[in-house]
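Peer 1: okay, structure incoming, though there's no sequence with it:
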């Protein structure tokens, strides 16, 4: 089969860049040990620039079905290639295919079928597909899916929910980010505290520091420390200290 052949050639080209040493480092960095968030993930040790380089060489030869097949791979880098391919295909797709890619993405980041199953896979793709699709369909109540994702038991679905709003933030919309961060305020996972803090920091950068400060003044006392720390990274040292003190004082 013609597509299969292209996919096989793509994988062959990709594997030329694998490195045992880097694979070892990545396995430790992405917490693949027992009970850790990336448990059982397998790395080839291929760098992101090399994944993007090979994808560029094959762009136009690979389709949505190939991306879905890559997402089924046990190898982290092949799944990473799968999400980057989906993003690239989404950017040039017509309305019908944008919808198909949006639905494909959500299906592959969900529950027991979750293949977009580590934070880096989410972070390079969620806002470009889910965020863009929802931003451009404001009148259809589509955004309710973000709130459903935010309440999921699946860490990656919750991360997709908040990181998708990056597209809204870049377009000066922050209400959904704030509402989702309120829902996720008591999340048990540090990876979620980091994601929420990152999006809050982006609100300050794109929509105005005052808007962010109003939110932080209301929530800093109950916010997880990591979330607050990430949110105030762009603040002055004096303001950072004041907010951390406010948070600590409320916990004594």
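Peer 2: Everything's here; your move. What you see is a predicted model; the values in this text were computed from it and never measured. Numbers count the residues shown, from 1 in each chain.

Peer 1: so, low pLDDT: which residues of the chain?
Peer 2: By pLDDT under 70, the weakly predicted segments of the chain are 1-4, 36, 138-140, 251-252.

Peer 1: which residues in the stretch 151-252 of the chain form helices?
Peer 2: Ranges of helices in the stretch 151-252 of the chain, per DSSP state H, counting those that start in this stretch, are 155-164, 166-170, 175-183, 190-207, 209-219, 225-231, 237-249.

Peer 1: deepest-packed of those helices, please.
Peer 2: helix 155-164 (a mean of 26; mean count of other CB atoms under 10 Å). Every C-beta, even on glycine, is put in place using the N, C-alpha and C of the backbone.

Peer 1: from start to finish, how long is stretch 64-82 in a straight line?
Peer 2: Using CA to CA, to the nearest Å, the end-to-end distance of stretch 64-82 comes to 9 Å.

Peer 1: please work out how many residues are found near residue 188.
Peer 2: By other CB atoms under 10 Å, the residues close to residue 188 number 8.

Peer 1: can you give me the distance of it to residue 173?
Peer 2: 28 Å (CB to CB, to the nearest Å).

Peer 1: next, the contact list for residue 173, please.
Peer 2: Neighbour list for residue 173: 135, 207 [criterion: CB atoms under 8 Å, 6 or more residues apart in numbering].

Peer 1: same question but for residue 61, I mixed them up
Peer 2: Applying CB under 8 Å, 6+ apart, the residues contacting residue 61 are 6, 10.

Peer 1: run the last query once more with 6 Å
Peer 2: Residue 61 makes contacts with residue 6, as judged by CB atoms under 6 Å, 6 or more residues apart in numbering.

Peer 1: from residue 54, how far out is it?
Peer 2: Distance from residue 61 to residue 54, by CB to CB: 11 Å.

Peer 1: same question for residue 94.
Peer 2: From residue 94 to residue 54 the distance is 26 Å (CB to CB).
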